[in-house]
Every structure is written in C-alpha cells, then in structure tokens.
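Trainee: please find the sequence and the predicted model below.
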2 protein chains.
Amino acid sequence: MARDTERRRAELRERLIDIAEAQTRKDGSASLRARALAEQAGCAVGAIYNVFTDMPGLQLAVNGRTFARLGERVTKAVSEVREAPPVERLVVMAKAYLHFAVDDPKLWRALFEVEMTQDSEVPEWYMRDLGQLFAIIAEPLAELDPNASQDEIDLRTRALFSSVHGIVMLGLERRISGVPIARMEEMIEFLLRRFASGD
Amino acid sequence: MARDTERRRAELRERLIDIAEAQTRKDGSASLRARALAEQAGCAVGAIYNVFTDMPGLQLAVNGRTFARLGERVTKAVSEVREAPPVERLVVMAKAYLHFAVDDPKLWRALFEVEMTQDSEVPEWYMRDLGQLFAIIAEPLAELDPNASQDEIDLRTRALFSSVHGIVMLGLERRISGVPIARMEEMIEFLLRRFASGD
C-alpha cells in the first residue's frame, strides 16, 4: 500500500515536471500557474504541494533537467576535441553553451530565474552538477596557466563563464547594448582567443 | 492658459519620475504600481497616462535618468586617467560600471528590465546616450588595435561590455555560478588585462 502511494507520488512528480517543462519551453517560467498545471496533470492543486514544496521547487526540478542536458551537451562537445589545445576546447564549450541557449531560449533563461544564490539553500545535486560543469571549464584554464592556484582557476572559470553568459544573454534578448545574434559566435571566440593568448 | 496646462503637465511628469525613481531604487522596477504612484503624486491614475504612454514609458523615463548618471560616472572616471594606456582606461571604466551597479543595484537592474530590443522602438535620446557611452569604450579598443575596422571595434565594444556586465550581474545577484562579490573587481580587471595583452 505504502509502496503504491509512493509510486503514484513519483509518477505525479514526473508528470508535473513534464508539463511544467513543456510550458516553460513554450512561454517561459513566469507563465507557470499551479491551477493550469493541476488541470493538465489531472490532479488537485493541493496535490502539487504534496510533491513539491512550492512552485519554485517545481521550477527547480525543471531546471535540474535543463541543467543536466546542458552539462551533457558541453561535455559531449569538448570530448570530441579532447586532444586539442586548451583555447580550442574553451571555444568549443562556449559555442555549445551558446547553441544550447539558442535552441531552447526559454528553458535556458529559466535557469537564471529561480532564486539560487550563494546564501540560499541550493539542493546538493544541483551544486554537484554545477561543480562538474565548472570542472570541465577549469581544465583548459589550468593548462593555460599551470602556475595558477586552484582558487585562481575557480575564479577565472566563473569570470569566463559569466562573460560568455553576458554576451549570450544580452545578444539573445536582442538588447540594444548586445552583440547582434549573427555575430555572437564570432565575438565569443574572439574574446576567448584574446583571453587565452594574453598574459 | 495652454501654457499653464503645459507647465502643470511637465511638473506632474517630473514628480512622477521622482516617485517612480525612489520606488525603483528601494524595491525594483517590478514594484511599480500606477495606483500607488498616483496616490503619492496626488493625481488620478488616469493622469499618469496623460503624461506617459504606459507604465513602461514611465520606467523608461526613470531609466533615462539612471543611464545619464551612469554615463557621467564612467566619463568622469575615464577623464581622470585620460593620458593612461588604453588598458588602464578600460579597467577604470569597467570598475566605474561595477561601482555604479553596487551603489544602486535596483536602479541599475531596471535598465535591463524594460523591453528595449534591436527591433523595438527605442527613443532617439536613449540611443544617443548609449552611442556616447559606447564611443568612450570604443576609443581605447581602437587604440589597442589600430588596424581594426569600425565594425570590428563596435562589435568588440559590445562584447566587452556584455562580458563585464555578465560578471557584474551574476556576481551582484550572488548567483551560484557567479564570481563572489569580494572578487568581482579583481576578476574584471584580470579579464580586461588578458584581453588587452592578447593578440
């Protein structure tokens, strides 16, 4: 009996994530509404809160999937150029990030819309996934500067990720201050090559 | 008579911008409510729409002020190191941008919350202000690469601005993927020096 309840709960959980994911992909995370989700899932609104603490908790579950796919995409891209010089690997990873965002802009945007700060309670699995992604960015950076400390490499990983993210974000939003979409790839590559050849 | 109406309209306009600016500074642009603004300004809700097309129009007026102050701040900072090498001027400007955001995070954030895309109707005065800010960033970039075309310099200006913006944004929001606030200045400087010394 208990096992049956457990199974139904798990099924509802997956179903709700599926629906919320489709909705986020289509109209963005701000469009998620408990009532509409419950209707589509064929459950009561209250049932959502039996499986998720709150709506941000559901969004986080959607983001977990998106982030896992992003990690796979970047890892796959870089594994195909495993023997290439560090700068080439950085370029390949940054382009994979850009294309991921281009292919699924609203799911990608949602990654940055859930409150997830250095002070808040972030689930352990999410921090582990982030750590893995940052570790593969850190590798070529460490090769470029073999004398840099672990702390420096970690900071540079964050700074470079933030830089590429800034170009992708302002560009994809077509902000007046951004790089035009057609030139984003070129400018990301330019920035990384300059960065890698500087001292 | 007509002149009197004109004057009252202008006064109401300024008053509404003052109130909306204070509100945005305190709680961010998402907290602006026509009813609350009208109450504070001592006017009818409808009167707001006599002086602004809509609420984003009012937010744009607030942003216009913020953007002008940002421009002054960056211009002043760089004018104090007018004779310094290009890379030093880039660093000084980027730090001025960072400090502006740190000092007034919600007004700064609001600059990126009004829809203002390469396809939308952006007021001419705003585009002119943006053009002036980008022109002073472009100057040292052109000195670094005297052979680069105007188009290349414009793209690099946007790419570098986006990069610094990315570090400032993820950092100030204390995102788990960002650079910790205490190290932002150092990492912005590191990125720019690397960029400037690369080829």
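Mentor: Sure thing, it's come through.

Trainee: contacts, neighbours, all on C-alpha from now
Mentor: OK.

Trainee: taking the centroid of chain A, which residue is nearest it?
Mentor: A:Phe67 (4.0 Å; Cα atoms, centre = their mean).

Trainee: which residues does that one contact?
Mentor: With contacts defined as Cα atoms under 8 Å, 6 or more residues apart in numbering or on different chains, the neighbours of A:Phe67 are A:Leu111, A:Asp129.

Trainee: helix or strand right after the helix or strand hosting it?
Mentor: Counting by DSSP states H and E, the element that carries A:Phe67 is helix A:55-79. Heading C-terminal from helix A:55-79, the first helix or strand you meet, by DSSP H and E, is helix A:86-103.

Trainee: ok, and for that following helix, which residues are buried?
Mentor: Going by neighbour count (16 or more other Cα atoms under 10 Å in any protein chain shown), the buried part of helix A:86-103 is A:86-101.

Trainee: hey, C-alpha coordinates of it in CSV?
Mentor: Taking C-alpha atoms only, helix A:86-103 is exported to CSV below (Å, rounded to 0.1, in the frame of the first residue of the first chain):
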residue,chain,number,x,y,z
PRO,A,86,43.2,24.4,-24.3
VAL,A,87,41.9,27.5,-26.2
GLU,A,88,40.1,25.3,-28.8
ARG,A,89,38.4,23.4,-26.0
LEU,A,90,37.2,26.7,-24.4
VAL,A,91,35.9,27.9,-27.7
VAL,A,92,34.0,24.6,-28.4
MET,A,93,32.5,24.6,-24.9
ALA,A,94,31.4,28.3,-25.1
LYS,A,95,29.8,27.6,-28.5
ALA,A,96,28.0,24.6,-27.1
TYR,A,97,26.6,26.9,-24.4
LEU,A,98,25.6,29.4,-27.0
HIS,A,99,23.8,26.9,-29.1
PHE,A,100,22.1,25.3,-26.2
ALA,A,101,20.7,28.7,-25.3
VAL,A,102,19.7,29.4,-28.9
ASP,A,103,17.9,26.1,-29.3
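
Trainee: hmm, who's touching it?
Mentor: Residues contacting helix A:86-103 (Cα under 8 Å, 6+ apart): A:70, A:73-75, A:77-78, A:81-82, A:108-109, A:137, A:140-141, A:143-144, A:164, A:168, A:172, A:185, A:188-189, A:192-193, A:196.

Trainee: could you find the closest non-adjacent residue to A:Gly71?
Mentor: A:Leu133 (5.9 Å; Cα to Cα, 6 or more residues apart in numbering or on different chains).

Trainee: picking that back up, now the residue nearest to the centre of chain A: how far from chain B?
Mentor: A:Phe67 sits 12 Å away from chain B when distances are taken as Cα to the nearest Cα, to the nearest Å.

Trainee: tell me the pLDDT of that residue.
Mentor: According to the prediction, A:Phe67 has pLDDT 93.

Trainee: how near is it to B:Gly166?
Mentor: To B:Gly166, A:Phe67 is 19 Å away according to Cα to Cα, to the nearest Å.

Trainee: show me which residues of chain A sit near chain B.
Mentor: A:116-119, A:130, A:155-156, A:158-167, A:170, A:173-179, A:183, A:187-188, A:191, A:193-199 (Cα under 8 Å from any Cα of the partner chain).

Trainee: go with 7 Å
Mentor: A:116-118, A:155, A:158-159, A:162-167, A:170, A:174-179, A:187, A:191, A:194-195, A:197-199 (Cα under 7 Å from any Cα of the partner chain).

Trainee: which ones among those map onto helices?
Mentor: Counting by DSSP state H, the part of the residues of chain A next to chain B found in helices is A:155, A:158-159, A:162-167, A:170, A:187, A:191, A:194-195, A:197.

Trainee: buried subset of these?
Mentor: When these are checked against 16+ other Cα under 10 Å, the ones flagged as buried are A:155, A:158-159, A:162-167, A:170, A:187, A:191, A:194-195.

Trainee: would you turn those into TSV with pLDDT and distance to B:Gly57?
Mentor: Putting those into TSV (pLDDT from 0 to 100; distance: Cα to Cα, whole Å) gives the following:
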residue	pLDDT	distance to B:Gly57
A:Leu155	97	39
A:Arg158	97	36
A:Ala159	97	34
A:Ser162	97	30
A:Ser163	98	30
A:Val164	98	31
A:His165	97	28
A:Gly166	97	26
A:Ile167	98	26
A:Leu170	95	21
A:Met187	97	32
A:Leu191	97	35
A:Arg194	95	40
A:Phe195	94	40
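
Trainee: how about low-confidence regions in chain A?
Mentor: A:1 (pLDDT under 70).
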